[in-house]
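1. With the sequence up front, the predicted model follows.
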Amino acid sequence: MISIRNVSKWFGEFQALKKCSAEVHKGEVVVICGPSGSGKSTLIKCVNGLESFQEGEIWVDGISVADRKTDLPKLRSRVGMVFQHFELFPHLSILDNITLAQCRVLGRSKKQAVEKAVQLLELVGLAEQKPKFPAQLSGGQQQRVAIARALAMDPIAMLFDEPTSALDPEMINEVLDVMVELAQSGMTMLVVTHEMGFAKRVANRIIFMDRGEVVEDRPKQTFFENPETNRARQFLSKILTH
Amino acid sequence: MAFDWSSIPGSLPILWQGMIVTLQIALVGALVGILLGTLLALLRLSPSRLLSWLSAAYVTVFRSIPLVMVLFWFHLILIPLVVGLLFPGKRLELGFITALTAFSLFEASYYAEIIRAGILSVTKGQFNAGLALGMNRRQVMRLVILPQALRRMIPLLLTQAIILFQDSTLVYVINLDDFFRKAYNVGNTVGTLNEMILFAGAVYLVICTLASGCVRQLHRKLTVPAREIA
């Protein structure tokens, strides 16, 4: 479904990604973890072309992201993305946040879009909130709306870029619960996160990145029980001690 | 020095005619200025270097020339030239058209900078969120970025319109009878020039103070934090 092959990216002199490769098969949940500044977010943004890269290839459902002829908006409309800071549109109601792209990009009628939105708001437990505006919701609620907004496009895969990093601790679980449910429903997911509990529960594989490199890419059991590299071991000991 | 205010009540209808001209210039200048300014801001931020450069050049030129000179040039050269080409041989009254054109084009350069700052104040994350949903750049700009940017910019846009309202007095250099010039003419004819100019100043003072007060109220309303954790 998602194939990342030898991707390198430079910001000026600084090399942010060094020959990164990874595969996400249909229905798989792959978690990317690693210290901050390791290139996780940059890599996941390359998958739907929000970041460009200078070398390598990324294929999504058989379509090359870097190919100039690729219709990027169309590709992006088929891949959902959830951001660290939610990025709901503050000038639109919760309902309009979820219907906007359905109508403007997929050409759905307002009625169809509203139906879909209501159904998804129920799924994330926020059906009551649809007339409100984003600023009236808590962070956890906003992030759940953002997930519903992405799902409304009927994506073939979902990308999560640190979806719980900006949340107060008591709100993390309500978002993770939705993500777990999504994973169990068979959604293909690529998730950048430090939530190792989530990874242990639903991930098929863990990719560990450090300084722009994919250091490990292994099934979760072996990664947690027996990390291959020192760097991964150090990272795990730092985030799992508490 | 004794003041004689007696000529003011009788001349109010004439002054009102001038006020209509003043208001028309301010209104058209602000509206066209905002529309054209938005276009200039979008061009300035477009990926095309040529368009961006052209927009920057326009803004720099108009912001570097005193408004009085812009008015003069439009009055003496540009408008007669254009009208001469379009309607050869006709003699038309061009003062009003000149003022509207000059103010609209001049103000656009100021509005362009205000709106550009407004667009840049909306975070890149919002842009990415729009793109990630499959919208193209134009859709993201129109549906996501501009509505937020303009809302944030409303107080500044209105403040600029108030400045424009005051600057419209400069049309006296192209012999257009706006409020100020009507007042001047009446005062000159009747012999109460000092009184008339004082009166005109007071009118501008009252209108601008009231308008500024409204903008402040509006600003307060727009910036009230909407956060009320549910």
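-> Right, received. Where do you want to start?

2. in chain B, what residue is nearest chain A?
-> As assessed by CB to the nearest CB, chain A sits closest to B:Gly134 within chain B, at 2.5 Å. No exception for glycine: its C-beta is placed from N, CA and C like everyone else's.

3. Neighbours of the closest residue to that residue other than its chain neighbours, how many?
-> Spatial nearest neighbour of B:Gly134, chain neighbours left out: A:Ser77 (2.5 Å); criterion: CB to CB, 6 or more residues apart in numbering or on different chains. Neighbour count of A:Ser77, defined by other CB atoms under 10 Å in any protein chain shown: 21.

4. Next one: A:Ser77 from A:Ala101, what distance?
-> 7 Å (CB to CB, to the nearest Å).

5. intersection of neighbour lists for the two?
-> Taking CB atoms under 8 Å, 6 or more residues apart in numbering or on different chains as the criterion, A:Ser77 and A:Ala101 both touch A:153, B:133-134.

6. For the helix or strand hosting A:Val178, which helices and strands make contact with it?
-> Element membership for A:Val178 (DSSP states H and E) is helix A:169-184. The contact analysis (3 or more CB pairs under 8 Å, 6 or more residues apart in numbering or on different chains; DSSP states H and E) places helix A:169-184 against helix A:139-151, strand A:189-192, helix A:196-202.

7. Please repeat the previous calculation with a cut-off of 10 Å.
-> Applying 3 or more CB pairs under 10 Å, 6 or more residues apart in numbering or on different chains; DSSP states H and E, we find helix A:169-184 packed against strand A:29-33, strand A:79-82, helix A:110-123, helix A:139-151, strand A:157-161, strand A:189-192, helix A:196-202.

8. closest one to chain B among the ones you listed?
-> strand A:79-82 (4.0 Å).

9. How about the most centrally placed residue in chain B: what's its closest non-neighbour residue?
-> Taking CA atoms, centre = their mean, the centroid of chain B lies closest to B:Ala30, which sits 3.5 Å from it. Distances taken as CB to CB, 6+ apart put B:Ala161 closest to B:Ala30, at 4.1 Å, once the chain neighbours are dropped.

10. I'd like the next helix or strand past the strand or helix carrying that neighbour.
-> Per DSSP H and E: B:Ala161 is located in helix B:146-167. Next along the chain after helix B:146-167, taking DSSP H and E as the criterion, comes helix B:179-190.

11. can you tell me the average pLDDT over that following helix?
-> Average pLDDT, helix B:179-190: 91.

12. Tell me the buried residues in it?
-> Under the neighbour-count criterion of 16 or more other CB atoms under 10 Å in any protein chain shown, helix B:179-190 has B:179-187, B:190 buried.

13. What is the least confident helix or strand in chain A?
-> Scoring the helices and strands of chain A by mean pLDDT, DSSP states H and E places helix A:230-240 at the bottom, with a mean of 87.

14. Quick one: list the elements packing against it.
-> Against helix A:230-240 (3+ CB pairs under 10 Å, 6+ apart) you get strand A:29-33, helix A:196-202, strand A:205-210, strand A:213-219, helix A:220-225.

15. Including distance to A:Asn173 and mean pLDDT, could those go into a markdown table?
-> Formatted as a markdown table, the helices and strands packed on helix A:230-240 follow (distance: least, CB to CB, whole Å; pLDDT from 0 to 100):
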| stretch | distance to A:Asn173 | mean pLDDT |
| --- | --- | --- |
| strand A:29-33 | 17 | 96 |
| helix A:196-202 | 9 | 92 |
| strand A:205-210 | 20 | 94 |
| strand A:213-219 | 25 | 93 |
| helix A:220-225 | 20 | 90 |
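
16. Thank you, goodbye.
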